[in-house]
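> Kindly return the folded structure for what I paste below:
(chains A and B)
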Amino acid sequence: MRQDIEQLIRDSLNILGINGLHIQVVPTVDESHGDYATNVAFQAAKKLGKSPLETAEIISHELRTKNNELIDKIEVAKPGFINITLNDSSLLKDLMIEHKKLGSSELMGKKIMIEFTDPNPFKEFHIGHLYSNIVGESIARLLEAVGAEVRRVCYQGDVGLHVAKALYGMIQLMREKNITLENLKGKSLKERANFLGEAYAVGATQYEKEESAKKEIVAINKKVYEKDREVMTLYTAGKDWSLEYFEQVYKRLMDPISDHAFTRYYFESEAGSKGIDLVKKYKDTVFEESQGAVIFPGERYGLHSRVFINSLGLPTYEAKELGLAVTKYHDYPFDVSIMITGNEIDEYFRVLLKALSMIEPEIAAKMRHISHGMVRLPEGKMSSRTGNVITGEWLLNEAVSRATEKIKEAKAEGGKLSEGEKESVSEMVGVGAVKWGLLRSGIGKDVEFSFDESVSFEGNSGPYLQYTYVRTRSVLEKAGDLTQFSESKIPLSAEERSLLVLLSQYSDTVLEAAERYSPNTIATYLFEVAQLYNLFYQKHPILKEEGDVRAFRLKLTEKVGKTLQAGLSLLGIKTPDKM
RNA sequence: GCGCCUGUAGCUCAGUGGAUAGAGCAUAUCGGUUCUAACGAUGUGGUCGGGGGUUCGAAUCCCUCCAGGCGUACCA
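Down below sits the predicted model:
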């Protein structure tokens, strides 16, 4: 709809001989300004040497001669806006068509690799990973919705000091508790995952406290790189348990079609050697030696200098990431490669991309680093070093159990849910509440997650959106089959008209959200749709009406439901039929 | 010190050059027990961190100052 109006304006400007303007048509905030407004007159005024108001008159006069079937009114407003009001019948026509395939995007057909979550084997899957996963999955879905070919990948640190700390802790714990690796293998996944968490905590604490432990951990680290046999037995087991555990979390969050949530899992161990080769190849041109290490002299480019190969000859995260970028491109020659991480490594990525641009400029030009803030909980930040972490799973479980309580005490319990339904609905509502809570605001900044707000089911929350969807389902179920209605017999109320205008903006909103990598754009839009529908629902009966009006209101209800369902699914949020 | 990010209502946040800056929560008042009461309406609440500049027009762009966060060499 917006594109149609833009085209109309472009045509008119051509006729008037005005070219080269950036035509901007935006939905209006205030109904008295029509449905869409454009500011082209301000830009054109300079070219014509007239005032914006006069220019607006000239342009709108030309627009009116078009006699377009979309438009009802074209008005000029001070100091030079052109306000466009759509006619009711075009809005009603738009209601009847399914959401268009979004073909006009520049992202259409693009090959996009998107890396997110990136938890480290042997360590906890904490809230930061949960956030990264939720953000990444939503962006992936947005990109798919506008026609991109998306490949999800996950990059995991399976070597390095954190692994050595965990291995050290495993050895200590097994000795203390007098258990063998075989004993452990017989235990449940949850127990094994907990064991690893505990082991990491022991290792991390001892590393700080005991000089002897520190030495031993450094030695274990080296052994891992050397693939020492004895260490590898323990290593392989621990790594497998971690990955198995992560996969379980992904299943819950991403609803994967296949066995694996990601198309490809990259590991630091494989990226490292490739990275070392690259760094060595460009050692005297891009990189240089300094204090026994190989560094990238970022200060020359207004950035930080960073170590790529440390003085022990081991690759740091920087070198690994360099190897990763090249490996990724080899696996899948992407048009865009997105990496989603926390924003504390923003500057590190700047350095990395600068170095990469000097080695592989084409690949570097295709990389986009998107960073998100930290999740703050009312309980305060948690550190993974103390072992006292808040895991992603804990957060989900807590939200689900709160959702279960809310469902029990709900006054609107008309759904008569069976026990089995209660369980699956609680899961959808709890997980949905978490996702909505994290995605409703922009991703660049820290996000405060509060159970009270997110699972309270009031106001701007996931459950509010889901409930509105359920409401549409309930009405439609009672209504029976939808019937045709005659457009001309529908007197549109203010609420209905606003809803129609808003619904017609769905495609534009998805496009904008995808191009800006911005899930919260969708969330803001959906919340508006839900609010408007609830207002409409409050004021206008649906099933009690008859004939055309009833048919129209049912159709409107159906479209709202479909829009909410499609939009929520872009955020990775499921919609129950009852709740 | 230097670099990057952030600062909008009491709280949590929308709003990346347009018109009178909007929501949710909280608070006060009111309506609705139906088509699922997990809803809706109205009111209170703002020097958009301060100051300067660019522009017909600035929360939005530029400069500067203030406050907070992160980074700043072998962690990721």
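
> C-alpha only now, for contacts and for neighbours.
Fine.

> after the helix or strand harbouring A:Glu528, next one along is what?
Element membership of A:Glu528 [criterion: DSSP states H and E] is helix A:519-539. Using DSSP H and E, the next helix or strand after helix A:519-539 towards the C-terminus is helix A:547-570.

> just the angle between that following helix and helix A:519-539, please?
Orientation note: helix A:547-570 sits at an angle of 150 degrees relative to helix A:519-539 (axes from the mean of the first three to the mean of the last three Cα atoms, to 10 degrees).

> Run through who's touching helix A:547-570.
A:95-96, A:138-139, A:141-142, A:145, A:465, A:468-469, A:472-473, A:475-476, A:479, A:482-486, A:489-490, A:500, A:503, A:506, A:519, A:522-523, A:526, A:529-530, A:533, A:542-544, A:574-575 (Cα atoms under 8 Å, 6 or more residues apart in numbering).

> same deal with stretch A:459-475?
Identification of contacts with stretch A:459-475 by Cα under 8 Å, 6+ apart yields A:429, A:432-437, A:453-455, A:457-458, A:526-527, A:530, A:533-534, A:543, A:554, A:557-558, A:560-561, A:564-565, A:575-579.

> switch to 6 Å and redo it
Contact with stretch A:459-475 is made by A:429, A:432-433, A:436, A:454, A:457, A:557, A:561, A:575, A:577-578, as judged by Cα atoms under 6 Å, 6 or more residues apart in numbering.

> Stretch A:365-373 too?
Under the criterion Cα under 6 Å, 6+ apart, residues A:336-343, A:443-446 lie in contact with stretch A:365-373.

> Return the per-residue confidence for the residue of the stretch 451-579 of chain A found nearest RNA strand B.
Across the stretch 451-579 of chain A, no residue is closer to RNA strand B than A:Pro541, which sits at 2.2 Å (Cα to the nearest atom of the strand). Listed pLDDT for A:Pro541 reads 94.

> which residue packs closest to A:Ala37, ignoring adjacent ones?
A:Asn83 (4.5 Å; Cα to Cα, 6 or more residues apart in numbering).

> Shouldn't that neighbour be within a strand?
Yes - A:Asn83: assigned to a strand according to DSSP: H, G, I helix; E, B strand; the rest coil.

> Am I right that it is in contact with A:Asp35?
No - using Cα atoms under 6 Å, A:Asn83 makes no contact with A:Asp35, being 7.3 Å away.

> If you count surrounding residues, which of the two has more?
Using other Cα atoms under 10 Å, the more surrounded residue of A:Asn83 and A:Asp35 is A:Asn83, with 25 against 21.

> and the more buried one, bridged to which residues?
A:Ala37, A:Glu75 (DSSP bridges).

> ok, it to RNA strand B distance?
5 Å (Cα to the nearest atom of the strand, to the nearest Å).

> again, but for A:Phe308
7 Å.

> That residue should be in a helix, yeah?
No - using three-state DSSP, the secondary structure at A:Phe308 is strand, not a helix.

> That one - how many residues pack around it?
Other residues near A:Phe308 number 26, with proximity taken as other Cα under 10 Å.

> just A:Val434 next, same as before
For A:Val434, the neighbour count with other Cα under 10 Å is 27.

> can you check the one 3 residues further on too?
For A:Gly437, the tally of surrounding residues (other Cα under 10 Å) stands at 22.

> Now do the contacts for the closest residue to it other than its chain neighbours.
Sequence neighbours aside, A:Ser454 is the residue nearest to A:Gly437 in space, at 5.5 Å (criterion: Cα to Cα, 6+ apart). Taking Cα under 6 Å, 6+ apart, we find A:Ser454 in contact with A:433, A:437, A:461.

> separation between A:Ser454 and A:Asn68?
Distance, A:Ser454 to A:Asn68, by Cα to Cα, to the nearest Å: 45 Å.

> what do you get for A:Glu477?
Counting by Cα to Cα, the separation of A:Glu477 from A:Asn68 is 38 Å.
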